[in-house]
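Trainee: Attaching a predicted model along with its sequence, questions to come.
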Amino acid sequence: MDYNHLEPSLGGLKLIGVRNFKPKHIFECGQCFRWDMVKEGRYLGIVRGKVLEVSEEGSDITLHNITEEEFRDIFEYYFDLEREYGLIKDELSKDPLLKESVEFGHGIRILNQEPFETLISFIISANNGIPRIKAAVAKISEQWGTPISYNGSTYYAFPSPEQLSKASEADLRGIGIGFRAKYVHRTVRAVYEAECLERESLSRKLSDDEALSLEQSLDRIASLPHKLCHNALQCFEGVGPKVADCIMLFSMGKQEAFPVDVWVKKAMSFFYKAPEMSLPKTREFGQEKFGSLSGFAQQYLFYNARENKVKVE
DNA sequence: TACCAGGAAACAC
DNA sequence: GTGTTTCATGGT
């Protein structure tokens, strides 16, 4: 546990004695696309159809617009609060090259996000920039998601597979995601079909083809062990090794994943002097070095490299 | 204008 | 299996 106890606070909950929780680090380390800073130390996000705010006052953190029941059911896990990041940071800091990055991003926590939203968001992330990914995810939510009113404004939940299945490829292209529109469209269909078959399988026997489609059920994929999960995710259009690693790490609780993008590749070159290493080799190198803590190490490295614009001649 | 952004697919070998 | 090329889009 990375907090001592809860205290009711005007329309929310205060986390007393919370450790390793810095909103700026958590929401700006590139793992999520639906959190925005409303003022210094205060962020607003949309999670599982709820609008939520997180604020930092000295050493306390307050979660706004949330009940204790919702915290126990959803958000304690969402914020990964059962985990003690102090232990992870101590272990990773034994590597003097990683210590600097751990200190720089000392308040990072890996969020446990929704698999479908994470899948679609990271398909859009391919060869794209974070501000533009956020804009695209926001537009998708506005067009196909369920509206939520909060403090006199309207926000939009990320659409369900059924809701997003109403979007044509041309509709998606209108969002401004270019060549990724085809991937998103086909992947949404595959997930939605698997979801429907999952329900139908309760009342009738499925054909062989249907049973094959059923394997693209996100619940089933999430329950697979690391290697199989990584392979299964890549059956979706637009999902390669890196995007699959992100989905596993950020929404399926697989912390041994090591997503290698341009920044992590730069960071690994910069800190570990591995200049001419290919992406798959860099991934293998990282997983071998960091083992079950690969995902955490990767996120400290990514945040440090990107914020400080690490350069490798 | 060329290059870059949390890469993947298609293709060559 | 490993190494190139192409794929939209908007910002430097």
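Mentor: That came through, no problem.
Trainee: Can you verify residue A:46 is assigned to a helix?
Mentor: No - per DSSP: H, G, I helix; E, B strand; the rest coil, residue A:46 lies outside any helix segment and is strand.
Trainee: pLDDT wise, what is it at?
Mentor: Predicted confidence (pLDDT) for residue A:46: 98.
Trainee: What residues does the residue lying closest to it once chain neighbours are set aside make contact with?
Mentor: Nearest residue to residue A:46, sequence neighbours excluded (CB to CB, 6 or more residues apart in numbering): residue A:34, at 4.9 Å. Placement of C-beta: from N, CA and C, glycine included. Each residue near residue A:34 by CB atoms under 8 Å, 6 or more residues apart in numbering is listed here: A:45-47, A:117, A:134, A:137-138, A:141, A:158.
Trainee: Likewise for residue A:128?
Mentor: Neighbour list for residue A:128: A:136, A:177, A:180 [criterion: CB under 8 Å, 6+ apart].
Trainee: same deal with residue A:54?
Mentor: Contacts of residue A:54 by CB under 8 Å, 6+ apart are A:23, A:27, A:42-43, A:45, A:61-64.
Trainee: can you list the weak-confidence ranges in chain A?
Mentor: Scanning chain A for pLDDT under 70 picks out the ranges A:274-275, A:313.
Trainee: buried subset of the contacts of residue A:54?
Mentor: Buried by 16 or more other CB atoms under 10 Å: A:23, A:27, A:43, A:45, A:61-64, out of these.
Trainee: and whichever residue of the stretch 1-150 of chain A sits closest to DNA strand C, how many neighbours does it have?
Mentor: With CB to the nearest atom of the strand, the shortest gap between the stretch 1-150 of chain A and DNA strand C falls at residue A:127, namely 4.6 Å. Residues near residue A:127, counting by other CB atoms under 10 Å, number 9.
Trainee: now do residue A:129
Mentor: 9.
Trainee: Enumerate every residue touching it.
Mentor: Under the criterion of CB under 8 Å, 6+ apart, residue A:129 has no contact partners.
Trainee: can you rerun that using 10 Å?
Mentor: Contacts for residue A:129 (CB atoms under 10 Å, 6 or more residues apart in numbering) come out as residue A:135.
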